[in-house]
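**Student:** have a look; sequence and predicted model below, questions after that.
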Amino acid sequence: MAARGRCPGCGSAALVEDSLYAQQQLVCAACGCVLSEGLLTTTYSEEEHLREVAYSQSTGQKEQLSRCLQRGIRRVQDLCKVLQLPAVFEETAVSYFQRALQLPAFHLVSLEKKELLGGCCVFVTCRQHNWPLTMGTICSLLYAKQDLFASVFLSLQKELGLSVPALSLADLVKTHLSSFRLFQPTADVPAAFLEDKEKLVARTMGIVELASETWLVTGRHPVPVVTAAAFLAWQSLQPRARLSCPLARFCRMAGVDLPPPAHLRLKELLEILLGMASQLTWLRGFDLDKKTVVKHVGDLLQHRVFLLKNAFCQEGGEEQRGAALGQGPPDEGTRGQDSAGQGSANQGSANQDSPGQGSPSSPPVAQEKGCPLAGKRQREGTPRPLLPPCLIHPRKRPRPAAPSTSDSALTGDEPISDSEIEQYLRSPEEIRAFRKTKAWP
């Protein structure tokens, strides 16, 4: 096929377009000079956008990089579709992945880490948009280990300089409970065990807030706390049919894993609830234990501020001693005097003149002379302080600090350095005052 123009080598006008191996070339028929090479389409990215690439630009290195990039982008897009994320989330996650893959820190990492990089980009995007998504959810979708995922996430956060806000407990509760299979009737879940989602979320939120106020969340993994709180909330909504159901069966019916520390968090929550129940007036006649106290979780959460204040001394030992001497607020002074256990007439009159002001449910008979609650407090002693469980039940004894070599070598006979000598020099006025003091009998 003839074409216009002349050959720059021989000046011939016999130029033809030749297709060699599906590659179009412009060749001079007289001397065989190749005037222009054809355009190839070899990379995945260019094939997707139907663009042509020159043969000189189609190298193996760029083809491999493009293939890795396209595979990661498809993984990010598929993950966003599975999670049903908005389109703006998908665009942000893809941009993070493209930026990260251009950094040298992610060029020589293993293929497994490169596959997790897309999940980390989705995770970062959801956290930045306050979308409730946990690391465990991403790892379960990618069949990845959480420690490896965490290392890739920290590397991504460091290399890109991203600010990732922490997930709040409220969002975590909603996300964790949304995966429960207790809201729709199924063959595996009895009808008495089905529950309304909104009621369960609201009751679980109240228990989680109580756990946060009583040091049960600080320094702990939040999922076992949420699992134990959801179990208590589920039992308290219909206690007659659900008190006999153990935690393991509850997790199996809900379709969630049972984290090993959940039993410990459940035990700690029940201890807090029992301490609060001892301060409710209408529960004094009942012999409550860790099962029957679940029936009254609604009342305990409704008055939890007053009950925590009376059941535990949150202010610490110094303020408690001040309250016992009548220096604190009226209700705190009453508790300190009741728990002092001395039984003097002055304390009894102080109890009569200082009614509690914590809540409408404050029993007026608690401050009367000789009331059963006052005698019970005197027998049991002061309420324990509201401390973290690691301080109440320490697992290991703290090791004594080893004395330093400098401290052990001090004898008191060391010479005074020039920089410290000024501390020992006295003015004439101080010398006279010192001699006058020594002259006193």
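**Tutor:** All right, it came through fine.

**Student:** count the residues that sit near Cys68.
**Tutor:** Other residues lying near Cys68 total 16 when counted by other C-beta atoms under 10 Å. No exception for glycine: its C-beta is placed from N, CA and C like everyone else's.

**Student:** which residues touch it?
**Tutor:** With contact set as C-beta atoms under 8 Å, 6 or more residues apart in numbering, Cys68 has these partners: 101, 114.

**Student:** same thing with Gly219?
**Tutor:** Residues in contact with Gly219 (C-beta under 8 Å, 6+ apart) are 388, 390.

**Student:** confirm that it sits in a strand.
**Tutor:** No. Under the criterion used here (DSSP: H, G, I helix; E, B strand; the rest coil), Gly219 is coil, not part of a strand.

**Student:** C-alpha coordinates for stretch 249-256, CSV please?
**Tutor:** Coordinates of each C-alpha in stretch 249-256 appear next as CSV, following Å, rounded to 0.1, in the frame of the first residue of the first chain:
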residue,chain,number,x,y,z
ARG,A,249,-23.8,-21.2,72.9
PHE,A,250,-24.8,-17.5,72.5
CYS,A,251,-21.7,-16.9,70.3
ARG,A,252,-22.5,-20.0,68.2
MET,A,253,-26.1,-18.9,67.6
ALA,A,254,-25.0,-15.3,66.8
GLY,A,255,-22.4,-16.7,64.3
VAL,A,256,-19.4,-14.9,65.8
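
**Student:** ok, and what's touching that stretch?
**Tutor:** Residues contacting stretch 249-256 (C-beta under 8 Å, 6+ apart): 176, 179-182, 188-189, 193, 227, 230-231, 234, 257-258, 262.

**Student:** try 6 Å this time
**Tutor:** With C-beta atoms under 6 Å, 6 or more residues apart in numbering as the test, stretch 249-256 has contacts from 180-182, 189, 231, 258.

**Student:** which residue ranges of this protein form strands?
**Tutor:** 2-3, 15-20, 23-28, 34-36, 39-40, 53-54 (DSSP state E).

**Student:** select only the buried ones of the contacts of stretch 249-256 in ChimeraX?
**Tutor:** Below is the selection syntax for ChimeraX that covers the buried ones among the contacts of stretch 249-256, with 16 or more other C-beta atoms under 10 Å defining burial:
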select :180,182,189,231,258
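
**Student:** out of the contacts of stretch 249-256, list just those in helices.
**Tutor:** Filtering the contacts of stretch 249-256 for membership in helices, criterion DSSP state H, returns Phe231.

**Student:** of the contacts of stretch 249-256, closest to Val124?
**Tutor:** Ranked by distance to Val124 (C-beta to C-beta), the contacts of stretch 249-256 are led by Phe180 at 26.5 Å.

**Student:** neighbours of the closest residue to the closest one other than its chain neighbours, how many?
**Tutor:** The spatially closest residue to Phe180, leaving aside those adjacent along the chain, is Ala254, at 4.3 Å (C-beta to C-beta, 6 or more residues apart in numbering). For Ala254, the neighbour count with other C-beta under 10 Å is 22.

**Student:** Pro132 now?
**Tutor:** Here the number of neighbours of Pro132 (other C-beta under 10 Å) works out to 17.

**Student:** that one and Val201, how far apart?
**Tutor:** Counting by C-beta to C-beta, to the nearest Å, the gap from Pro132 to Val201 is 12 Å.

**Student:** ok, now Thr175?
**Tutor:** Using C-beta to C-beta, which is the criterion applied here, Thr175 is 10 Å from Val201.

**Student:** and Leu386, by the same measure?
**Tutor:** Shown here: Leu386 relative to Val201, a distance of 26 Å by C-beta to C-beta.

**Student:** one more: Ala254?
**Tutor:** From Ala254 over to Val201 (counting by C-beta to C-beta), the distance is 13 Å.

**Student:** Lys438 too?
**Tutor:** Between Lys438 and Val201 the distance, using C-beta to C-beta, works out to 77 Å.

**Student:** looking at the two, which one has more neighbours?
**Tutor:** In this comparison of Lys438 against Val201, neighbours counted by other C-beta under 10 Å, the higher total goes to Val201 at 19 against 7.

**Student:** and the residue lying closest to the more buried one once chain neighbours are set aside, how many residues sit next to it?
**Tutor:** The shortest distance from Val201 to any residue that is not its chain neighbour, by C-beta to C-beta, 6+ apart, is 5.5 Å, and that residue is Leu177. One way to gauge burial is a neighbour count; for Leu177, by other C-beta under 10 Å, it gives 23.

**Student:** Leu177 contacts Lys199, doesn't it?
**Tutor:** No. Applying C-beta atoms under 6 Å as the test, Leu177 and Lys199 come out as separate, 10.9 Å apart.

**Student:** where are the low-confidence patches of the stretch 201-350 of the chain?
**Tutor:** 313-350 (pLDDT under 70).

**Student:** domain map for this structure?
**Tutor:** 1-41, 67-165, 170-313 (the TED database).
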